[in-house]
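>>> could you look at this predicted model? Sequence included:
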Amino acid sequence: MNIKKTTRISILLIGFLFVGLASAEQRSLFDVDFNLGWQLDRFTASDLSNALDPEDSGDTSQSALLDIRVNYQLRDSLWLYGNTARTIRSTAIICNDSPSFIGCDGYDDASDPDLPSADTAFSILRDAESLEAHVGLRYEFGKINNTEAPGQFYISKQLGFASVTDTDDLAEINQIALGIVITDEKFKNSFVEFGEGKNELYPSGSSDRTIFRIHLEYSFMEGFLGFSDVVGFLETEVDYDSSKGSDSVRTKIGFELPIGT
């Protein structure tokens, strides 16, 4: 992502936050949640003939997870949400875009016909520390009348980025999704969504990604250590390209500590 794109996205993120703050009087709910847990990340590269370390493709990495989530209800059916996560994730580094990356040393020498050029060569970066953040707007519609798990259909638009250690740039991560969210009872805030978008963490097919995400929450231990309650969560995200792009599956499990409602 170049500087102009980064600036444009930053302006949009700040703009969304100001909309939320300006609409504070219309909000009926404000949530801030800390998610603590563990993450499993499986990254499968697409074109292994251009991978400098193909043996790293398909491995599963593990890491601790710290995720902070914020939700503002702007109006009855319109929500502003965002989160920031510090974790470990896998990606692929295209050598032409990050020539200083140590895994790309020596792979721009066209004199060796057995080595791909820097324009096409990529190195699979395992266990890289990353910072991810996004904001979005969610519009809820189509109420689901169920006494045990009442819910809403929704459509959301999300903008975000990821910064990965040892790389030179921010990766743009955007999506639009359609889903169902549980709005009350023990499984409150659980959701299932299906979307499409862009993810620049992938060496090919970054502009046409398909994302399936299922997030389950269960509330228990009310009033624990001064928190309103403690929530267990389990989330699986499948980010794939329907043709030749790389794919990944991430699973997160842990506890959510709500500190504001």
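Cool, the structure landed.

>>> just checking, residue 104 touches residue 118?
Yes: here residue 104 lies in contact with residue 118, judged by Cβ atoms under 8 Å, at a distance of 6.7 Å. C-betas here are computed from N, CA, C, even on glycine.

>>> between these two, what contacts are shared?
When contacts are counted by Cβ atoms under 8 Å, 6 or more residues apart in numbering, residue 104 and residue 118 have residue 95 as shared neighbours.

>>> buried set for stretch 77-85?
Across stretch 77-85, burial judged by 16 or more other Cβ atoms under 10 Å covers 79-83, 85.

>>> let me have these in JSON lines, extended by distance to residue 55, secondary structure and pLDDT.
Formatted as JSON lines, these follow (distance: Cβ to Cβ, whole Å; DSSP: H, G, I helix; E, B strand; the rest coil; pLDDT from 0 to 100):
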{"residue": "79", "distance to residue 55": "43", "secondary structure": "strand", "pLDDT": "94"}
{"residue": "80", "distance to residue 55": "43", "secondary structure": "strand", "pLDDT": "94"}
{"residue": "81", "distance to residue 55": "39", "secondary structure": "strand", "pLDDT": "94"}
{"residue": "82", "distance to residue 55": "37", "secondary structure": "strand", "pLDDT": "94"}
{"residue": "83", "distance to residue 55": "33", "secondary structure": "strand", "pLDDT": "92"}
{"residue": "85", "distance to residue 55": "28", "secondary structure": "strand", "pLDDT": "90"}
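
>>> which SSE is immediately downstream of the strand of greatest length in the chain?
Secondary structure of the chain per DSSP state E: the longest strand is strand 122-144. Per DSSP states H and E, strand 122-144 leads on to strand 151-164 as the next helix or strand towards the C-terminus.

>>> off-centre distance for the helix or strand just after that following strand?
Going down the chain from strand 151-164, the next helix or strand is strand 170-182, by DSSP H and E. Centre-to-centre, strand 170-182 and its host chain are 8 Å apart (Cα atoms, centre = their mean, to the nearest Å).

>>> where does the stretch 51-200 of the chain have low pLDDT?
Along the stretch 51-200 of the chain, the parts satisfying pLDDT under 70 run over 106, 108-113, 166-169.

>>> okay, strands next: where are they in this protein?
Remark: strands assigned in the chain by DSSP E are 30-44, 60-73, 78-94, 122-144, 151-164, 170-182, 191-199, 209-220, 230-240, 247-260.

>>> still on that earlier bit, format the buried residues of stretch 77-85 as TSV; extra columns: distance to residue 200.
As requested, the buried residues of stretch 77-85 are exported to TSV (distance: Cβ to Cβ, whole Å):
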residue	distance to residue 200
79	26
80	24
81	22
82	19
83	19
85	17
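
>>> list just the nearest of those residues to residue 139.
residue 79 (7.8 Å; Cβ to Cβ).

>>> for that closest one, which residues are in contact?
Residues in contact with residue 79 (Cβ under 8 Å, 6+ apart) are 71-73, 137-140.

>>> quick revisit: tell me the buried residues in the longest strand of the chain?
122-126, 128, 130, 132-138, 140.

>>> that older thread, possible to save the strands of the chain as a markdown table with distance to residue 53?
Shown next, in a markdown table, are the strands of the chain (distance: least, Cβ to Cβ, whole Å):
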| stretch | distance to residue 53 |
| --- | --- |
| strand 30-44 | 12 |
| strand 60-73 | 14 |
| strand 78-94 | 10 |
| strand 122-144 | 5 |
| strand 151-164 | 16 |
| strand 170-182 | 19 |
| strand 191-199 | 21 |
| strand 209-220 | 23 |
| strand 230-240 | 21 |
| strand 247-260 | 16 |
